[in-house]
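Engineer: Kindly return the folded structure for what I paste below:
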Amino acid sequence: MQLPTDVLKMGSGNRINERCLELQKNKKSTKIKLEDDKRKVRPAKRSCGCPMLRSRSLLKEFSSEVSNQGALDIEDLAQIGKKIGTCPYYGSRDMVRSADLVVLPYQSLLLKSARESLGLNLKNSVVIIDEAHNLADSLSNMYNSKITSSQLKAVLSCLDEYLDRFYNVLGAGNRRYIQTLTVLTKSFIRVLINNQDGASTMSSMTINQFLFSLDIDNINIVKLCQFVKESNIIHKVCGYANKLSSIQNQFDLQLHDEGSSIACFQALVDFLRSLLNSNDDGRIIVAKQKLGGQPDEAYLKFVMLCAEKIFSEVTQDAYAVILAGGTLQPIEETRLRLCPSLPPTDIKFFTCNHIVPPESILPIAVTRGPSGKAFDFSYNSRSSPSMIEELGRFICNIITVVPEGVVMFFSSYDYERRVYDAWMTTGTISRISKKKHVFREPRNSADVEAVLNKYKEAIESCSNFSQDTGVNGALLLAVVGGKISEGINFSNGMGRCVIMVGLPYPSPSDVELIETIKHIESISSSFSVGDDKALSRKYDDECELQPGYDILRKCTRGGREYYENLCMKAVNQSIGRAIRHINDYAAMLLVDSRYAQTSSTKSFSCPADKLPQWIKARLSCAQNYGEVHRSLHQFFKFNKKNVEIL
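Structural biologist: Numbering: from 1, shown residues only. Predicted coordinates for the structure are as follows:
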């Protein structure tokens, strides 16, 4: 019997989940000897094969222990389960039905299958969703599915081996379904490797277009998915393939990073289920591999677009739904993506000022550098040597007046690396190091904590020891959308100044982004001017992918608004890292002349209009660097005195 500790040592989450389910399916039957005249032996009731679930009395003891201790986090529940000797996951899940308050992750709430599994009934419940600015994207991502060419090849190998061995003993129906799975798998592989010109090409199409293009529209995928679910064919096929490979040592099922053969098979089934969605619910992304490229460069992906359709299941059942978040504005986009058909009278919006007093923040739109050069970090200008050099001069001046920690955000890892390399060549990093220790955000999220600890230690060492080194803190070069820009606390000296370099607009070459923009533009137009079917066809009938900028230029309503909001929500998330409590204070420098634009001087909307009200109300636009320097000097002098008084 495999013990729970052995299961936990299996490595990946997929393998742990698979083994957990296998243990539960392996029912254990014990024989009980009856002391009667005939000395008969009869089997007892079959018990669960998992030792952590076998004793109902221990599960009841777990529930009693948890109830007595009140609200507990995941680590606490795991510790109680370990102490009692029962499963904390299933133990806590059983308590959901009787609970007055249930705290759970997005997926457990928003996936219908997860709610049913947990026995979670939303009828007449009040649903509170925190960090709701992520809600629409999270909803869509939950219903996305992706399978790579390497996974498809692994599945095809398993199917071929199984069919070769059991062809003559399989029933006609089962054999036909397995053959159908083989046909579909081959079709998917063929579409990914059929790349005549050798270029890495990506195309987007509706579900119907995808089925017709592969000539598989006549296959009943509903019945096929039902067969897979009821026949346990995944475990049968993969079990035989694993057994064969261990004997013959001819095929390694772990060549791909996606996990075991079962995980590959499950990816195929998830993708097949995605094809059961309505034609307008999402798009199929076909990413073909380069000639001579790696197998995992090619993939098929279903991208769910209709977050509003999924969210309606929650709003229809719940008594009320509360969306909470610090960067929900502009609220119209949230309403459009989540509940476009809900009457405006049914939606109440509330916003309030920040807890910190206005004088504790100093947001400035910085339009020019120390030499008078206008800051323009648009895609075509940001990499010019003169722009990077001017940014270096600006930082060298700023760090002389800003105490303790400075966090500087760039639009991407590649741009941060380009700037850093240029500054190393010109000696700018050397000049900065005379006033601030320099740290960089690592690409690997596992290394972030170590860098942050060193950053914090550098700041504390400068604050605690008065040395004539001239160093007054540290500078951290970070990336928008990275680990540091979301969820990291830069309170007090960790973030006395946050610098945002440019406007981090997402790349229009992102296929999934463009499909989302087209969808939002379509629904915003239909709700603004009626059901505009012609407009919908303008986007939906395009099988070949159009350039992103062309799509954006076509947008006149929600699509462009969404694109701009993505940028400013990222800005708001990043600069909000510095103010974390009522006595905190920080400067926020928005370095780009576009932050000072007005509605009459731009093609897109004014970025400053999308800042949170508590920042926007205090925002000033500096016409030259001198104004920035004076404002920073006065700001830190004032707040340092206030802190000394407190």
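
Engineer: May I ask which helix or strand of this structure has the lowest mean pLDDT?
Structural biologist: Lowest by mean pLDDT, DSSP states H and E among the helices and strands of the chain is strand 31-33, with a mean of 41.

Engineer: Tell me how many other residues crowd the spatially closest residue to N277 that is not a sequence neighbour.
Structural biologist: Closest residue to N277 apart from its sequence neighbours, by CB to CB, 6 or more residues apart in numbering: I207 at 6.4 Å. Every residue, glycine included, has its C-beta placed from N, CA and C. I207 sits with 20 neighbouring residues when counted by other CB atoms under 10 Å.

Engineer: doesn't I284 make contact with I207?
Structural biologist: Yes. Between I207 and I284 there is a contact under CB atoms under 8 Å: 6.3 Å.

Engineer: residues shared between the contacts of these two?
Structural biologist: Common neighbours of I207 and I284, using CB atoms under 8 Å, 6 or more residues apart in numbering, are F302.

Engineer: residues contacting the residue nearest to N277?
Structural biologist: Residues near I207 by CB under 8 Å, 6+ apart: 274-275, 277-279, 281-282, 284, 302.

Engineer: which SS class is the closest residue to L632 other than its chain neighbours?
Structural biologist: Counting by CB to CB, 6+ apart, L632 lies nearest to V401, which is 4.9 Å off, once chain neighbours are set aside. Of the three states, V401 takes coil according to DSSP: H, G, I helix; E, B strand; the rest coil.

Engineer: same thing with R283?
Structural biologist: With three-state DSSP as the basis, R283 sits in strand.

Engineer: buried ones in the host helix or strand of S525?
Structural biologist: Element membership for S525 (DSSP states H and E) is helix 511-529. Neighbour-count burial for helix 511-529, counted by 16 or more other CB atoms under 10 Å, picks out 511-527.

Engineer: and what of stretch 93-111?
Structural biologist: Judged by neighbour count using 16+ other CB under 10 Å, the buried positions of stretch 93-111 are 94, 106, 108-111.

Engineer: What is the end-to-end distance of that stretch?
Structural biologist: End-to-end distance of stretch 93-111 (CA to CA, to the nearest Å): 16 Å.

Engineer: ok now it, how far from the chain's centre?
Structural biologist: 21 Å (CA atoms, centre = their mean, to the nearest Å).

Engineer: Show residues contacting that stretch.
Structural biologist: For stretch 93-111, with CB under 8 Å, 6+ apart as the criterion, the contacting residues are 59, 63, 66-67, 71, 114-115, 118-120, 127, 129, 134-135, 138-139, 142, 310-311, 314.

Engineer: check contacts around the residue nearest in space to the middle of the chain.
Structural biologist: Nearest to the mean C-alpha position of the chain, by CA atoms, centre = their mean, lies S138 at 6.9 Å. With contact taken as CB under 8 Å, 6+ apart, S138 is in contact with 106, 110.

Engineer: doesn't it fall inside a strand?
Structural biologist: No. Looking at S138 with three-state DSSP, it is helix, so not inside a strand.

Engineer: Which residues does S204 form beta bridges with?
Structural biologist: With DSSP bridges applied, S204 shows beta-bridge pairing to I285.

Engineer: Which pLDDT value goes with it?
Structural biologist: On the pLDDT scale, S204 is placed at 90.

Engineer: Also Q254?
Structural biologist: So Q254 comes in at 43 (pLDDT).

Engineer: repeat for K9
Structural biologist: pLDDT recorded at K9 is 67.

Engineer: Same question for the one 3 residues further on.
Structural biologist: Predicted confidence (pLDDT) at S12: the value is 63.

Engineer: cool, S463 as well?
Structural biologist: S463 is given a pLDDT of 69.

Engineer: cool, L268 as well?
Structural biologist: For L268, pLDDT reads 95.

Engineer: so who does it touch?
Structural biologist: So, once contact is read as CB under 8 Å, 6+ apart, L268 ends up touching 147, 151-152, 155, 181, 185.

Engineer: Mind checking which of these are in strands?
Structural biologist: Cross-referencing the contacts of L268 against strands under DSSP state E gives I147.

Engineer: ChimeraX command to pick out the buried ones of the contacts of L268?
Structural biologist: A single ChimeraX command selects the buried members of the contacts of L268 (16+ other CB under 10 Å):
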select :147,151,152,155,181,185
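
Engineer: Contacts only, for the residue nearest to Y505 when sequence neighbours are not counted.
Structural biologist: Leaving aside its sequence neighbours, Y505 sits nearest to C567 (CB to CB, 6+ apart; 4.6 Å). With contact taken as CB under 8 Å, 6+ apart, C567 is in contact with 503-506, 607.

Engineer: and the two most separated of those residues?
Structural biologist: Greatest spatial distance among those (CB to CB): P506 and P607, at 14.4 Å.

Engineer: For those two, work out which one has more neighbours and name it.
Structural biologist: Taking other CB under 10 Å, P506 and P607 do not tie; P607 has more neighbours (21 against 18).

Engineer: I'd like to know how far that one sits from S593.
Structural biologist: Distance, P607 to S593, using CB to CB, to the nearest Å: 11 Å.

Engineer: for N208, same thing?
Structural biologist: Shown here: N208 relative to S593, a distance of 47 Å by CB to CB.

Engineer: Same check on G70?
Structural biologist: According to CB to CB, G70 and S593 sit 54 Å apart.

Engineer: higher neighbour count, these two?
Structural biologist: Set side by side, G70 and S593 show more neighbours around S593, with 16 against 7, by other CB under 10 Å.

Engineer: The closest residue to that one other than its chain neighbours: what's it in contact with?
Structural biologist: Nearest non-adjacent residue to S593, counting by CB to CB, 6+ apart: T367, 4.3 Å away. With contact taken as CB under 8 Å, 6+ apart, T367 is in contact with 374-375, 592-593, 595-596, 621-623.

Engineer: Give me the average confidence score over stretch 383-396.
Structural biologist: Averaged over stretch 383-396, pLDDT sits at 96.

Engineer: And that stretch, what's buried?
Structural biologist: Buried-residue list, stretch 383-396, by 16+ other CB under 10 Å: 387-396.

Engineer: next one: stretch 449-466
Structural biologist: For stretch 449-466, burial by neighbour count (16+ other CB under 10 Å) applies to 451-452, 455-456, 458-460, 462.

Engineer: Where do the domain boundaries of this structure fall?
Structural biologist: Listed by the TED database, the domain ranges of the chain are 1-22+48-103, 145-247+258-307, 361-508+547-645.

Engineer: Quick one: distance of the shortest one to the chain centre.
Structural biologist: So the one you mean is domain 1-22+48-103. For domain 1-22+48-103, the separation from the chain centroid amounts to 27 Å (computed by CA atoms, centre = their mean).

Engineer: try the last one
Structural biologist: Mean-position distance between domain 361-508+547-645 and its chain equals 23 Å (CA atoms, centre = their mean).

Engineer: contacting residues around stretch 572-586?
Structural biologist: Residues outside stretch 572-586 that contact it (CB under 8 Å, 6+ apart) are 326-327, 354-356, 360-363, 407, 409, 478, 480, 484-486, 488-492, 495-498, 500, 588, 590, 610-612, 615, 635, 639, 642-643, 646.

Engineer: Quick check on those residues: which are buried?
Structural biologist: 327, 354, 356, 360-363, 407, 409, 478, 480, 484-485, 488, 490, 492, 495-498, 500, 588, 590, 610-612, 615, 635, 639.
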